[in-house]
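S.K.: Mind looking at a prediction? Sequence and model below.
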Amino acid sequence: KRQVLVLLELRICLESEAAGLAAIRRSDAQLADMRRALDAFKSALDSGGDTITPDFQFHLLVSQATDNRYFADLMSHLGSAIIPRTRINSAKFAHEAAAYLARVNLEHEDIYSAIVRKDAEGARAAMRTHLSNSRERLRKVQ
């Protein structure tokens, strides 16, 4: 569990900056891909399906939109293990999962909205909030 918290510290630095760069550099095609990943997350949330894949996909797409391959390389290397709920005891987590995932969904939408607006500071702040909240949520279920 400590490893996940340590990884979130790294992600807060890395992905906050990535979101800021993505807001400035993203293409319309990349925006469309992000929208698709968010829609897939929402539909998985509604149907009780796999939210981990579209969650990771969204974060990876943000890193790719930086137009700096090292952000995307690092995210690819870390893989879906960066999604904290992959490491949570599922029985303990199950009854809180829907509310948790609804929050994650809203936080992703905030990040996306800032990227759409080309608001670099807003995107940085939204990503920082999202990952800081993830860290707190993880601490609570431990």
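M.R.: Sure thing, it's come through.
S.K.: Can you find the helix or strand of the chain with the lowest average pLDDT?
M.R.: The helix or strand of the chain with the lowest confidence, counting by mean pLDDT, DSSP states H and E, is helix 90-94 at a mean of 60.
S.K.: Which element is encountered next along the chain beyond it?
M.R.: Using DSSP states H and E, the next helix or strand after helix 90-94 towards the C-terminus is helix 97-116.
S.K.: hey, which helix is longest across the protein?
M.R.: Among the elements of the chain assigned as helix by DSSP state H, the one spanning the most residues is helix 2-25.
S.K.: now the angle between helix 97-116 and that one, please.
M.R.: For helix 2-25 against helix 97-116, the angle by axes from the mean of the first three to the mean of the last three CA atoms, to 10 degrees is 30 degrees.
S.K.: buried stuff in helix 2-25?
M.R.: Within helix 2-25, the residues that qualify as buried by neighbour count (16 or more other CB atoms under 10 Å) are 4, 7-8, 11-12, 14-23. Bear in mind the C-beta positions are built from the backbone N, C-alpha and C, glycine included.
S.K.: same question, stretch 113-130
M.R.: Neighbour-count burial for stretch 113-130, with 16+ other CB under 10 Å as criterion, is recorded at 114, 115, 119, 120, 122, 123, 124, 125, 126, 127, 128, 130.
S.K.: ok, now stretch 98-106?
M.R.: If you call a residue buried by 16+ other CB under 10 Å, then stretch 98-106 has these buried ones: 100, 101, 104, 105.
S.K.: For the residues you listed, name the two members farthest from one another.
M.R.: With CB to CB as the measure, no two of the buried residues of stretch 98-106 lie farther apart than 100 and 105, at 9.8 Å.
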